[in-house]
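S.K.: coords please:
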Amino acid sequence: MSPALLAERQNEVYRRLCEVIDPEIGVSIIKLGLVYDIAIDAGDVTVVMTLTTRGCPLGHAITEGVRRMVESLAWVTNVTVHLVWDPPWDPAMIR
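M.R.: Model prediction:
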């Protein structure tokens with residue numbers, strides 16, 4: 001995949017993730033700084049992200065929202081949401 005196409009696809013995923021809202025806070029996961037990386041290999045997309053807390057009661061809803069939004073892109077064949085806890089989320093990450 002060319003660097004230009006990769007950048008275009010990463011931007012598409014990023015825009016979709018802007019639509020995923022943390023239901024408790026009412027802010028997108030992008031604005032909260034929860035998404036650390038978007039990796040693309042052909043139609044496979046991996047979103048590396050965290051949650052505001054390890055015990056987030058709506059964590060499953062958020063990760064499923066990520067999966068659904070990214071899967072809605074026509075060129076995507078597989079989505080992996082990889083939750084990480086390092087670095088830990090901090091309110092200073094809010095944009």
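S.K.: contacts, neighbours, all on C-alpha from now
M.R.: Noted.
S.K.: any idea how far D37 is from L17?
M.R.: 12 Å (C-alpha to C-alpha, to the nearest Å).
S.K.: which of the two has more neighbours?
M.R.: Regarding D37 and L17, a neighbour count based on other C-alpha atoms under 10 Å identifies L17 as having more, with 22 against 13.
S.K.: quick check, pLDDT for the more buried one.
M.R.: In the prediction, the pLDDT value recorded for L17 is 98.
S.K.: can you give me the helices in this structure?
M.R.: 3-17, 29-32, 59-71 (DSSP state H).
S.K.: pick the most buried one from those helices.
M.R.: Each of the helices of the chain was assessed for mean neighbour count using mean count of other C-alpha atoms under 10 Å. The highest is helix 29-32, with a mean of 21.
S.K.: pull the residues that contact that helix.
M.R.: Around helix 29-32, the neighbours that count as contacts under C-alpha atoms under 8 Å, 6 or more residues apart in numbering are Y14, L17, C18, V20, I21, D22, V35, P91, M93, I94, R95.
S.K.: and the gap between the spatially closest residue to the fifth one that is not a sequence neighbour and A42?
M.R.: The one in question is I21. In this structure, I21 finds its nearest non-sequential neighbour in S28, 4.1 Å apart by C-alpha to C-alpha, 6 or more residues apart in numbering. Here S28 is placed at a distance of 26 Å from A42 (C-alpha to C-alpha).
S.K.: compare these two (neighbour count), which wins?
M.R.: Summary of the neighbour comparison: S28 and A42, criterion other C-alpha under 10 Å, with S28 having more neighbours (17 against 13).
S.K.: check contacts around that one.
M.R.: For S28, the set of contacting residues under the criterion of C-alpha under 8 Å, 6+ apart consists of L17, C18, E19, V20, I21, D22.
S.K.: what of T50?
M.R.: Counted by C-alpha under 8 Å, 6+ apart, T50 has contacts L34, V35, Y36, L83, V84, W85, P88, W89.
S.K.: make JSON lines out of the residues you listed and add pLDDT and neighbour count.
M.R.: As requested, these are exported to JSON lines (pLDDT from 0 to 100; neighbours: other C-alpha atoms under 10 Å):
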{"residue": "L34", "pLDDT": "97", "neighbour count": "22"}
{"residue": "V35", "pLDDT": "97", "neighbour count": "19"}
{"residue": "Y36", "pLDDT": "97", "neighbour count": "13"}
{"residue": "L83", "pLDDT": "96", "neighbour count": "17"}
{"residue": "V84", "pLDDT": "97", "neighbour count": "16"}
{"residue": "W85", "pLDDT": "96", "neighbour count": "12"}
{"residue": "P88", "pLDDT": "93", "neighbour count": "13"}
{"residue": "W89", "pLDDT": "93", "neighbour count": "19"}
